[in-house]
Structure formats: structure tokens, C-alpha cells
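> predicted model and sequence below, questions to follow.
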There are 2 protein chains.
Amino acid sequence: MSNAKVLPLIEPADSQAVAPCCPPLTERPFSAEEAEVAARMFKALGDPVRLRLFSAVASHEGGEACVCDISDVGVSQPTVSHHLKKLKEAGLLTSERRGTWVYYRVEPSVLAAMGQLLTNASAVA
Amino acid sequence: MSNAKVLPLIEPADSQAVAPCCPPLTERPFSAEEAEVAARMFKALGDPVRLRLFSAVASHEGGEACVCDISDVGVSQPTVSHHLKKLKEAGLLTSERRGTWVYYRVEPSVLAAMGQLLTNASAVA
């Protein structure tokens, strides 16, 4: 595979960053590492209920919503919480507790990175 | 089946079109139907091996590749074929047999639709 001696130094800032992870899909074949990172984000959106919750947060006034705003997707409250947790783990949402409620917000840098993957691809294709 | 004559006329344009399915993620909460369609596409890219194969096809010269071109992802040939089939089922790739080989090509309309979902979202967020 690769020569160990040419491995670049990993900068802490990079290892923390959730985006951008990868080149446009049409630029070159993804490495295993790039594919791991990007697939995690795609997978998080690959469930209909999660995608509805995500769009509910993303489209809510001010770009954030509490669970009380977005529970109208026909599943139980624990299921909503489970899916929101998955979206957080994938780095797509952040959350903050304020008083009684936890507020969820879309992570713009991740969305921008995912959009770039696909936009550039579609522009080239 | 024998009742072919009562089948409704299917409009080729609509039944063939796999995209665009949905508004930008920030526009309004997705309906259940929109989420089903979009989640299927995201899910197809939500596996690291599939994503590597997809980027291998997308970045290959001419926008298409045969299995012989893209098998360098560390999995067996049957596994490669399995994942390519999944990408086809999700509408992300099309395929065509020419002689010995099956050639895979990225479906640009689907990529464009997915990119639009995320690009508009990131522009607004």
C-alpha cells in the first residue's frame, strides 16, 4: 500500500475536524480512510426517520430546534432521541441544553463538505 | 399476469426519473415519501467499500469503469459485484454489458439531486 516513511504528520486540528474529509467524488478514488469518514455521514442520513428529523432541524426557524418542535414524524419519543443521538455521533448535529429542553442545531461545516463532494461531482459528470 | 390491458399507462419520463426527489434540506421538513427516496440514496453511499467503488467509477476516465478497473479495494470479486448491484438498485449507477465486461457509469441526475439537497442547505446554514 503506502510507504510508512512518507506518512504525513497528523495535525491535531485535522484529527478533530469533522469536515471537510474528502475530495470530490469524481476527482480520484477515495482512500479507505476517506471512505470511512464520508460513509459515516452518508449512513447517518440513510434512514428515513433520521432524514426527516434532520430536515426538521435544518429547516426550523433559526436553524435549531428542540425535541418538542420536531417530534411529528410518527415514532415514539425514545426513538426520536435515539436518532438524534445517531446524528450527533455522526457529527451532523450539535446539541445544547437550555433549561428544560435540549436544542439541536445543524453542523454547517459537515453539510458544506458533503455538498461539495456531490456538487463538484455533479458539475463534472 | 393476464390483466396487462388494465394496467395504467406509465409515463416513461416519470418512471425512469430517479431524481430530483426532494427540496433542499433546509427548506421544510421532508415528508415521509421524500425521506424514503432520499434516504435510499444516502444509505447506498453509507458503506465505506461502496463509497470507494462509487468514487472509483465516478473518477474513472470517461465517467465509466468496468469491474476490472475498480476491484482494488481489498474485498473479493463477489463482494465487489454485490456492492455494485446495491449502487445500481439505489439508482446511483447504471450498467451496460459490452463483450466480456460490464461497464458501470454514474447516474448524473441522481448526484445532482443529492448535491442540491446539501449544497443549498450549506449555503443557507
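Nice, I can see it.
> so A:Ala39 touches B:Ala44, yeah?
No: in this structure, A:Ala39 sits apart from B:Ala44 without contact. The criterion is CB atoms under 8 Å, and the distance is 10.4 Å. To be clear about C-beta, it is placed using only N, CA and C from the backbone, and glycine gets the same treatment.
> list the residues that contact both of those two?
B:Arg50 (CB atoms under 8 Å, 6 or more residues apart in numbering or on different chains).
> phi first, then psi, for the nearest residue to A:Val102 once chain neighbours are set aside.
Leaving aside its sequence neighbours, A:Val102 sits nearest to A:Ser95 (CB to CB, 6 or more residues apart in numbering or on different chains; 5.2 Å). A:Ser95 has phi and psi values of phi -140, psi 160 when expressed as degrees, to the nearest 10.
> now swap in A:Ala65 and tell me
In this entry, A:Ala65 is assigned phi and psi values of phi -150, psi 150 (degrees, to the nearest 10).
> wait, what's in contact with it?
For A:Ala65, the residues meeting the contact criterion (CB under 8 Å, 6+ apart) are A:Ala56, A:Val57, A:Tyr103, A:Tyr104.
> strands of chain A, start to end?
With DSSP state E as the criterion, chain A has strands at A:64-66, A:93-98, A:101-106.
> could you dump those strands into a markdown table with mean pLDDT and distance to A:Gln77 added?
Converted to a markdown table, these look like this (pLDDT from 0 to 100; distance: least, CB to CB, whole Å):
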| stretch | mean pLDDT | distance to A:Gln77 |
| --- | --- | --- |
| strand A:64-66 | 90 | 12 |
| strand A:93-98 | 93 | 15 |
| strand A:101-106 | 92 | 12 |
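> buried subset of the contacts of A:Ala65?
Burial of the contacts of A:Ala65 was assessed by neighbour count (16 or more other CB atoms under 10 Å in any protein chain shown); the buried members are A:Ala56, A:Val57, A:Tyr103, A:Tyr104.
> on the pLDDT front, check the first one for me.
According to the predicted model, the pLDDT of A:Ala56 comes to 92.
> thought it was touching B:Pro29?
Yes: between A:Ala56 and B:Pro29 there is a contact under CB under 8 Å: 4.2 Å.
> common neighbours of the two, please.
The contact sets of A:Ala56 and B:Pro29 overlap at A:Ile70, A:Asp72 (CB under 8 Å, 6+ apart).
> which residues of chain A score low on pLDDT?
Applying pLDDT under 70 to chain A flags the ranges A:1-20, A:119-125.
> all helices for chain A, in order.
Taking DSSP state H as the criterion, chain A contains helices spanning A:12-16, A:32-44, A:48-59, A:77-89, A:108-124.
> of the ones you listed, which approaches B:Gly63 most closely?
helix A:108-124 (8.1 Å; CB to CB).
> coming back round to it: and the contacts of A:Ala65 near chain B, which?
Restricting these to those near chain B by CB under 8 Å from any CB of the partner chain leaves A:Ala56.
> ok, the contacts of A:Ala65 vs B:Val73, which is closest?
Minimum distance to B:Val73 across these is 33.9 Å, recorded for A:Val57 (CB to CB).
> mind listing what the closest one touches?
Residues counted as contacts of A:Val57 (CB under 8 Å, 6+ apart) are A:Gly63, A:Glu64, A:Ala65, A:Ile70, A:Leu93, A:Tyr104, A:Arg105, A:Val106.
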